[in-house]
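**Q** okay, here's the prediction I keep looking at, along with the sequence it came from:
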Amino acid sequence: MRRAANILGLKGLKILAPALERRIDDRDLYPLWEAVEELGVPVLIHFGMLGAGGGISWNERDNPGALERVARPTRAGSRVGLAFGIYRIRSALAVS
């Protein structure tokens, strides 16, 4: 993350939560959230359906409520925007 922002000029990060191999609040991803906070890089996280009719429509990694556990130990939550498909609106509102 630091190399991408400092050397390659990354201006922002988009994460497709349903496509991740682990949940967004997995402790192994905390270094990413800490780097985002340190560098001031905005993050857009897509929750919800991916692709058309044959895309990913739901899995355990697709819940914006998991961001609460990430945002509390770091201040990265202030730089995170949510984009979501047709559901999970209540979970997203609970985090904001």
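**A** Structure's in. What do you need?
**Q** do you know the pLDDT at residue 28?
**A** Per-residue confidence (pLDDT) for residue 28: 90.
**Q** likewise for residue 10?
**A** So residue 10 comes in at 90 (pLDDT).
**Q** can you confirm it is in a helix?
**A** No: looking at residue 10 with DSSP: H, G, I helix; E, B strand; the rest coil, it is coil, so not inside a helix.
**Q** what's the neighbour count on residue 9?
**A** Neighbour count for residue 9, taken as other C-beta atoms under 10 Å: 7. C-beta: built from backbone N, CA, C; applies to glycine.
**Q** how far away is it from residue 50?
**A** Residue 9 sits 27 Å away from residue 50, going by C-beta to C-beta, to the nearest Å.
**Q** same check on residue 30?
**A** Taking C-beta to C-beta, one finds residue 30 at 25 Å from residue 50.
**Q** neighbour count for those two, which is higher?
**A** For residue 30 and residue 50, the more surrounded residue by other C-beta under 10 Å is residue 50, and the numbers stand at 17 against 14.
**Q** so which residues of this structure form strands?
**A** Ranges of strands within the chain are 13-16, 43-47, 80-84, based on DSSP state E.
**Q** quick one: average pLDDT of the first one?
**A** Averaging the model's pLDDT scores along strand 13-16 yields 87.
**Q** and if you look at the last one?
**A** Model confidence over strand 80-84 averages 64 on the pLDDT scale.
**Q** OK, contacts around the nearest residue to residue 70 once chain neighbours are set aside?
**A** Spatial nearest neighbour of residue 70, excluding adjacent residues (C-beta to C-beta, 6 or more residues apart in numbering): residue 25 at 5.0 Å. Applying C-beta atoms under 8 Å, 6 or more residues apart in numbering to residue 25 gives the contacts 66-70.
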